[in-house]
Structures are given as C-alpha cells and as structure tokens.
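Quick one, what's the 3D model for this:
(one chain, ligands or ions: 1)
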Amino acid sequence: MKAVGPINPEWPVWYDPAAVLGSAVRYVASLSPKFNWVGIYVLRGSSLHLGPFIGTPSEHKVIRVGQGVCGTAVAENADQNVPDVRARDNYLACSLETRSELVILIRDLKGKVIGQFDIDSHVINAFGPDDVVQVRKIAQELGELWPE
Ligand code: SME
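Below is the predicted model:
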C-alpha cells in the first residue's frame with residue numbers, strides 16, 4: 001500500500017484518505033483471482049496520480065489525461081474494458097504479463113470524475129459484465145464517500 005499524499009490541505013493531519021482508498025482496493029482485489037493488479041488513480045488537475053495498489057509496483061505513477069488506457073478513460077469520460085492490451089496502440093505497460101485491463105471511473109456526487117479503479121489481468125478478456133457491474137457499484141459507493 002502506498003499513501004496517496006495530501007489531496008486536500010484542509011484535512012486534519014491525522015486524516016488518512018489512503019485508508020479509505022486502500023480498503024476499497026483490497027476489497028476489489030478480493031473479488032476475483034483474475035484481478036492480478038488493482039489500484040486507484042486520483043485525478044488532480046490534468047493528471048492521474050497512483051494511490052493505493054495491490055500488485056507489482058508500476059512505473060506509471062503519474063499519467064496525463066489522454067495518455068494510455070487510464071488517461072483515455074478520463075478524456076472520453078468512459079470506462080474502458082480492453083480484452084487484449086496488445087491491440088491498443090496507446091497502452092502503457094505496467095507488467096509484461098498483463099493481457100487485459102479494466103478501468104472504472106469514480107465520480108463524486110455531482111458526477112465529476114475524481115479518480116478511477118485500474119485493474120489488470122494476466123488472462124485475455126478477463127472482465128465480463130458481472131465484473132463491470134460489481135466494480136462500478138464499489139466505484140459509486142466510494143465516490144459518495146470520497147474524502148473531500
Ligand atoms: N496500463 C495503464 C497504465 C497503468 S498500469 O497498468 C498500472 C494504461 O495504459 O493507462
């Protein structure tokens with residue numbers, strides 16, 4: 001687990017937003033053995049910043065909006081379900097073993113994108129409709145409880 005760092009300077013010094021986000025990441029990672037890497041990126045300005053994650057450390061700690069699968073999700077305001085990452089020109093490799101990737105946007109109560117779940121799998125086409133529904137539900141709950 002990795003701390004997200006200060007998102008809001010008005011928070012008390014003891015307040016740890018990573019605890020909330022880390023708990024959500026742990027839960028999502030427990031949903032399926034096919035979820036080999038699970039993390040949350042937090043949107044700050046025009047960049048996504050890697051928060052808590054489970055899996056191999058990624059070199060992509062900051063991703064600009066529009067870059068990679070993660071940045072495309074924000075730019076297009078649309079979740080991404082990529083069955084084979086090798087077919088995506090703009091894919092940013094986190095692990096050579098990754099074959100499919102699911103990005104689910106997290107929105108606040110006003111509908112503004114505030115972050116995303118990023119899930120990688122070693123299996124081609126790992127993410128079915130049930131996975132998408134489950135992760136979207138958690139993204140919605142987290143968005144409603146987002147530490148502002
Ligand atoms: N594959 C992502 C980058 C993040 S790593 O997978 C953790 C992308 O293309 O945006």
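
can you count the residues close to the residue of the chain found nearest the ligand?
Here the chain gets closest to the ligand at one residue, G68, 2.5 Å apart by CB to the nearest ligand atom. C-betas here are computed from N, CA, C, even on glycine. G68 is flanked by 22 other residues according to other CB atoms under 10 Å.

Any residue of the lowest-mean-pLDDT helix or strand in the chain touching the ligand?
Here the helix or strand of the chain ranked lowest by mean pLDDT, DSSP states H and E is helix 17-29, holding a mean of 92. No - Helix 17-29 is not in contact with the ligand by CB under 6 Å from any ligand atom; minimum separation 12.1 Å.

Tell me which other helices or strands that helix touches.
In terms of contacts (3 or more CB pairs under 8 Å, 6 or more residues apart in numbering; DSSP states H and E), helix 17-29 is packed against strand 37-44, strand 47-54, strand 113-121, helix 129-144.

buried stuff in that helix?
Residues 17-18, 20-22, 24-25, 28-29 are the ones in helix 17-29 that count as buried (16 or more other CB atoms under 10 Å).

show me what contacts S95?
36-37, 55-56, 58, 120 (CB atoms under 8 Å, 6 or more residues apart in numbering).

Any of the residues you listed buried? List them.
Buried among the contacts of S95 (16+ other CB under 10 Å): 36-37, 55, 58, 120.

And those residues, which is the shakiest by pLDDT?
Lowest pLDDT within those is found at S58 (92).

Wait, a strand at that one?
No - the assignment for S58 by DSSP: H, G, I helix; E, B strand; the rest coil gives coil, which leaves it out of any strand.

Can you report how many residues lie near the residue nearest to it when sequence neighbours are not counted?
Leaving aside its sequence neighbours, S58 sits nearest to C94 (CB to CB, 6 or more residues apart in numbering; 4.3 Å). Neighbour count of C94, defined by other CB under 10 Å: 24.

likewise the one 5 residues further on?
Applying the criterion other CB under 10 Å, we find 18 residues in the vicinity of R99.
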